Every structure is written in structure tokens, then in C-alpha cells.
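1. with the sequence up front, the predicted model follows.
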Amino acid sequence: MGEIKEFRQFFKIKKEILIIIIKFVNRILKSYLCNIQRAKSIQSFYKMDSKDTIVNIISPRRKWITLGILFFVNLLNYMDRYTVSAILDDFSEEMCGHGKTCSTSKQGLIQTAFVVIYMASAPMFGYFGDRYSRKYLMALGVFIWGSLSLTASFMPSYWYFLITRALIAIGESAFTTIAPTVLGDLFTEQTRSLVYGIFYVAIPFGTGLGFVVGGAPSEWRWGLRITPGLTFLAAVLILLFLYDPPRGESEGKTISNRSSYMEDLKYIAGIKSFVLNAAGFTCVTFTTGALAWFAPVYITNGIHSRELPMGCCNCSDDPNWSSNYTSSVPEENVTLYFGIVTCVGGLLGVISGMLLSKYLRPRYQWVDPVICGVSLLLSIPFLVGGILLAKDHLEYSFVVILFGMYFLNFNWSVAVDMTIYVITPARRSTAEAIHLMMTHAIGEAGAPYLVGLLADGLKSGIREDNSDYCPDTVDYFAIQYSLFLPFVLLFLGGVLFLIATIWVVRDKESVDSEARTVNTL
């Protein structure tokens, strides 16, 4: 009797929950249908067609809900991307087999394989994003990315894993190419900087969470299975609640793209501030990609080289070795600490850059590329100092890297806002696809393999010149020297942004002038 009573009570609770869910869904559908009916009534009253001025009937609340959904998906994007970094050591030991870990270049190749797929798919979604429903394209892309991310965690060997992870670029490119253009059409210039600041806070926050989440489970495969479930939820949220505004809504007109793809490319290539922005930002993402991928391994190698016991690998002859050494940061907490540093520094940097742009741009139209360029140049000494301190003064290294991350992330929202306001609305998805193809595919994804390849090439020379170094010390210095490549490129990126100051005002005024001309027709 007791079991029957418990069953009835359980069934009653389930029934009540089901009734609440049905009422909630019914309320959403009624609200949605009312909005459609109201839109049709207004359109009929004003006798509007697709070429006429838009009456903005969308509620502010729905705009911010759309921003919240896109922020959530962007957060998952970077969480998923950097969970692999957190489990790289365990992954290497199992997947490369035969008692050997994967080479540094082979570790980097996982992220770099992303390049080939991304470069093929990003322009395609840019083209579609200027012509078809952005809502359904993003939902499809997010579902593909979640499915492949989950599938990769079951792969039995390195090459199967690499191919599956690389195909995630199809889904990611659909979202990252289109999402900024939806926000550009949803919010006016007065609030756009704030909106992009919120949207791009997800990058450092998601990257930091990726390190924490990926390294949390004891078995590395389970570290890769946390984000896919949330990704499927994100696809559902996009389908049910995301508002896809007409292109050009924030400028007060509906705009359709009737030009050819080659005409779009020719137009975009002629916007000098955009080209310099894309090139400069590629240097930024090259640096962030290299640091996010190799910094935890680099710090761990530094700890190993000092903690090895007497008589192991001749490490006691290493001048950097000390007996009975205990690291101030335990090895198992390296990814956690680095994740926190990345998250906090990046979060503060993105917000500071956004607020500074929002305050200064109304007074100085040319200021955005200056903010980007100067912040990059300021980040270099902090990042270099933090890397050099990692072996002997790890706690100070994390503090210095925090400041470097702050300035390095200063330009995320500012640079993307520039790509929107110097390009006409009908071509923004294509422009965003090109920008992302350069910055994320060539920069962020290309960095791990190139830096890893350079590190592998340096190891033999370091070993010959320092025969007393143990393997972990050799690996430590090989990665350290190879990281100077991103820092040189970071300096170049700062210079390119400063040069963009010459054309940014002219390019923005050209877009504003076109919008005024269209609105007077």
C-alpha cells in the first residue's frame, strides 16, 4: 500500500508540473500570435511593403532577450573550444598511444585543423546570412556544432578526434558570422557599443569556464561532454525566442541584398579601415589562441622541471632545479588559476574598452582604432613579463598576466563595432564572415599549430646547448621561445589599428550618408 501511495503522489506531482509547462507554452504562443496580428494590422494601416520605412513594433524586452540568447551561445562557443586545452595532457597520453604523448605540433594541429573547414564554411554562411533567415541558419549551425562536439568525445584515436573536432567549424561559423549582424540591425548606434560589450564579455568568461569545466571531471572524455547538452538547449532557445530583425532596421529601413557575391567582396576590399581592422585583429586572436592553448602546458612543464626527484633524468644537474621544491600553485590547479586569470582580466578589459569607446566616440569619431592599437601595445610588456616569471615566480606571473589579459581584451567589442558601422547593412554578414575567417581561422586556430611547430623545431637546439636540462625543462623553454612569435605579431596588430585611424571616419560617414539617402527616397 505504501508503494502505491508513493506512486500516486509522484504521479500527481508530475501531472502538476506538466500542467504548469502547458500553461507556460500556451501563454508564449498567445503572446507570439498577438504580436504577429498586431504587426499585420500596423502594416495594413500604413500600407507598408518591404521597401518602406519600418515601424518599430518590437518591444525592448524582446530585444534584450535576443541579446541574452546570443550571449549564452557565444559563452558556450568559447567554453567548448577551450575544454580541449584543459585536458590536453591526459588526451595526449591516451590518444597518441605507445607510451608517448603527442608532439607539441600535433597538439596544436587539433585547433588548426579547424582552419580548413572554417575557411570553407564561413564565406558560405556570410553569403546566406545576407539573403536568408538568420534565425534558422544559426539554429542549424548550433545543432551541428553540439552534435559533433559530443561525437568527438567518443572517438577512439587521435585522427578520428581531430577530424570530428575540425568539422565543428561548420556549426560555429554559422553562429559567429551571423550573430553580430543581428545585433547590429537590432540596436541603434547609441546602444550598439554597450550591446557588443555585453556580447563579447562571453569570450574571456567562456574561455575561463572552458578551462574550469574541461578539467573538472577526473576522466578527460567527460570534460568534453558537459557543453554539448547546453548547446542543444541553445538551439531550442534560438528557434523559440530569438527575434531576427529585418536587415537595416536600426537604420530605419528594410534592406535586401541584390548584388552578386563578387560585388560584395569588391566593395568590402575597398573599405580600408575594415581591412586594417581585420588584419590587426588577426594578430590579437593569434596571440590569444597561442596563450590559451599552450599556457597551461607551459606552466605545468615549469612546475615539473623543479619538482622532479633527485636522480630522475639528470635533472639535479639542471641549474634551475631545487631539491624538495613545492610549487606555490599545485599542478592540478593550474588550469583553474589560469582560467580565473583569463576570465577576470578579459571581463574587465572588454567592459573597459566598451565604456571608453562609448564615452569618447561621440567627441572623437576617430578614437576606436586608437583604443584598439594603444591597448595592444600596452599588453605586450605585461604578457612577456608574465611568461618569463612563470617558472621561478608563478604567483607573480599570474598577477602580471592578469594585467596583460586586461589590455589584450580591451578591443574585442570596439573592433567588432567598427566592422559594423563602416559596412552597409546589406553586406554585413559577408563582411563579418571575412573578418571572422581571418581572425579566428587564420589567427586563433592557426596559432596553436604554428607555435607548436616552432617549439618542436627549437627543442633539439636547446637540448644540444644544455645537455643538463631534463625533458620538462627543454619543453618549457621551447614553448617560451616560440611564444615570442605571437608577441611580435601583437605589436604589428597595434600598429595596423593606429594606421586605420586615417580612414575610419571617412568610411563611417560614407555608410551614414547612404542611409540618409535611402531614408529620403
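-> All right, it came through fine.
2. using the three-state scheme, assign the nearest residue to Leu109 once chain neighbours are set aside.
-> Using Cβ to Cβ, 6 or more residues apart in numbering and skipping the chain neighbours, the partner closest in space to Leu109 is Tyr449 (4.9 Å). (Glycine included, C-beta is placed from N, CA and C.) For Tyr449, the assignment made with DSSP: H, G, I helix; E, B strand; the rest coil gives helix.
3. count the residues that sit near the closest residue to Ser85 other than its chain neighbours.
-> With Cβ to Cβ, 6+ apart as the criterion, Ser85 has its nearest non-adjacent residue at 5.4 Å, and that residue is Trp293. The local packing of Trp293 (other Cβ atoms under 10 Å) involves 27 other residues.
4. secondary structure element for Trp293, which one?
-> Trp293 is part of helix 272-307 when elements are defined by DSSP states H and E.
5. what's the following helix or strand after that helix?
-> helix 334-360.
6. quick check: buried residues in the helix or strand following that next one?
-> On the C-terminal side of helix 334-360, the closest following helix or strand by DSSP H and E is helix 367-389. Along helix 367-389, these residues count as buried under the neighbour rule (16 or more other Cβ atoms under 10 Å): 367-380, 382-387, 389.
7. and the angle for helix 367-389 with helix 334-360?
-> In this structure, helix 367-389 runs at an angle of 160 degrees to helix 334-360, with axes from the mean of the first three to the mean of the last three Cα atoms, to 10 degrees as the basis.
8. tell me what helix 367-389 is packed against?
-> Under the contact criterion of 3 or more Cβ pairs under 8 Å, 6 or more residues apart in numbering; DSSP states H and E, the helices and strands touching helix 367-389 comprise helix 272-307, helix 334-360, helix 394-408, helix 412-421, helix 484-520.
9. quick one: closest of these to Leu239.
-> In terms of Cβ to Cβ, the element of those nearest to Leu239 is helix 412-421, at 24.9 Å.
10. contacts for the helix or strand following the closest one?
-> Read in the C-terminal direction, the helix or strand following helix 412-421 is helix 428-436, with elements assigned using DSSP H and E. Contacts with helix 428-436, where a contact means Cβ atoms under 8 Å, 6 or more residues apart in numbering, come from 118, 122-123, 125-130, 134, 173, 176-178, 180-181, 184-185, 247, 261, 264-265, 268, 271, 274, 277-278, 281, 416, 419-420, 423.
11. ok, the closest residue to Asn277 other than its chain neighbours - contacts?
-> Distance criterion Cβ to Cβ, 6+ apart; nearest residue to Asn277, sequence neighbours excluded, is Met418 at 5.3 Å. Listed by Cβ under 8 Å, 6+ apart, the contact partners of Met418 are 273-274, 277, 368-369, 372, 500, 504.
12. swap in 7 Å and give it another go.
-> 273, 277, 368, 504 (Cβ atoms under 7 Å, 6 or more residues apart in numbering).
13. ok, Pro228 next?
-> Pro228 is in contact with 146, 149-150, counting by Cβ under 7 Å, 6+ apart.
14. ok, 8 Å please
-> If a contact means Cβ under 8 Å, 6+ apart, then Pro228 has 80, 146-147, 149-150, 153 as its contacts.
15. of the residues you listed, which is the nearest to Tyr406?
-> Within the contacts of Pro228, the smallest distance to Tyr406 is 24.4 Å, found for Asp80 (Cβ to Cβ).
16. for Ile168, see how far away the closest one is.
-> Note on Asp80: its distance to Ile168, by Cβ to Cβ, to the nearest Å, is 8 Å.
17. overlap in contacts of those two?
-> For the pair Asp80 and Ile168, residues contacting each of them under the criterion Cβ under 8 Å, 6+ apart are 145, 149.
18. what about these two, which has more around it?
-> With other Cβ under 10 Å as the criterion, Asp80 and Ile168 differ in neighbour count, and Asp80 comes out ahead with 27 against 24.
19. sketch out the low-pLDDT regions of the chain for me.
-> Judged by pLDDT under 70, the chain has its weakly predicted residues at 1-58, 97-99, 248, 250-258, 307-326, 441, 515-521.
20. how many neighbours does Ala235 have?
-> Using other Cβ under 10 Å, Ala235 is surrounded by 22 other residues.
21. measure it to Ala455 for me?
-> As it turns out, when the distance is counted by Cβ to Cβ, Ala235 lies 38 Å from Ala455.
22. so who does Leu140 touch?
-> Neighbour list for Leu140: Ala174 [criterion: Cβ under 8 Å, 6+ apart].
23. any idea how far it lies from Leu383?
-> With the distance defined as Cβ to Cβ, Leu140 ends up 38 Å from Leu383.
24. list the ones among the contacts of helix 428-436 that fall in helices.
-> Of the positions in those, 118, 122-123, 125-129, 134, 173, 176-178, 180-181, 184-185, 261, 264-265, 268, 274, 277-278, 281, 416, 419-420 sit in helices, assigned by DSSP state H.
25. buried ones only from these, please, as a ChimeraX command.
-> Typed into ChimeraX, the next command selects the buried ones out of these (criterion: 16+ other Cβ under 10 Å):
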select :118,122,123,125,126,127,128,129,134,173,176,177,178,180,181,184,185,264,265,268,274,277,278,281,416,419,420
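26. mind putting the contacts of Met418 into TSV with distance to Cys343?
-> Below are the contacts of Met418 laid out as TSV (distance: Cβ to Cβ, whole Å):
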residue	distance to Cys343
Ser273	31
Asn277	26
Asp368	25
Val504	30
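27. what secondary structure does Ala445 sit in?
-> Classification of Ala445 by three-state DSSP places it in helix.
28. which SSE is the residue nearest to it when sequence neighbours are not counted in?
-> On the basis of Cβ to Cβ, 6+ apart, the spatially nearest residue to Ala445 that is not a chain neighbour turns out to be Phe114, at 4.1 Å. Following DSSP H and E, the helix or strand that holds Phe114 is helix 104-129.
29. which other helices and strands does that helix contact?
-> Partner elements for helix 104-129 (3+ Cβ pairs under 8 Å, 6+ apart): helix 134-152, helix 158-186, helix 272-307, helix 428-436, helix 446-465, helix 471-482.
30. tilt between the longest one and helix 412-421?
-> Per the same axes, to 10 degrees, the angle that helix 272-307 makes with helix 412-421 is 160 degrees.
31. assumed Leu194 was part of a strand.
-> No. Residue assignment for Leu194, taken from three-state DSSP, gives helix, which places it outside any strand.
32. distance of it from Glu432?
-> Leu194 is 19 Å from Glu432, by Cβ to Cβ.
33. and Val399, by the same measure?
-> The gap separating Val399 from Glu432 is 36 Å, by Cβ to Cβ.
34. more neighbours: which of these two?
-> Just comparing Val399 and Glu432: by other Cβ under 10 Å the higher neighbour count belongs to Glu432, 26 against 13.
35. just curious, which of the contacts of Pro228 is nearest to Tyr337?
-> Each of the contacts of Pro228 was scored against Tyr337 by Cβ to Cβ, and Asp80 proved nearest at 21.1 Å.
36. now the closest one. Nearest residue, chain neighbours left out?
-> The spatially closest residue to Asp80, leaving aside those adjacent along the chain, is Thr227, at 4.3 Å (Cβ to Cβ, 6+ apart).
37. quick check: the one you found vs Ser375, distance?
-> As for Thr227, its distance to Ser375 is 30 Å (criterion: Cβ to Cβ).
38. before we move on, what about Met95?
-> 38 Å.
39. cool, and Leu450?
-> Leu450 sits 24 Å away from Ser375 when distances are taken as Cβ to Cβ.
40. Asp368 against Tyr359, yeah?
-> No. In this structure, Asp368 sits apart from Tyr359 without contact. The criterion is Cβ atoms under 8 Å, and the distance is 11.9 Å.
41. just to revisit the earlier point, next one: the residue nearest to Asn277 from Phe487, what distance?
-> As defined by Cβ to Cβ, Met418 lies at a distance of 24 Å from Phe487.
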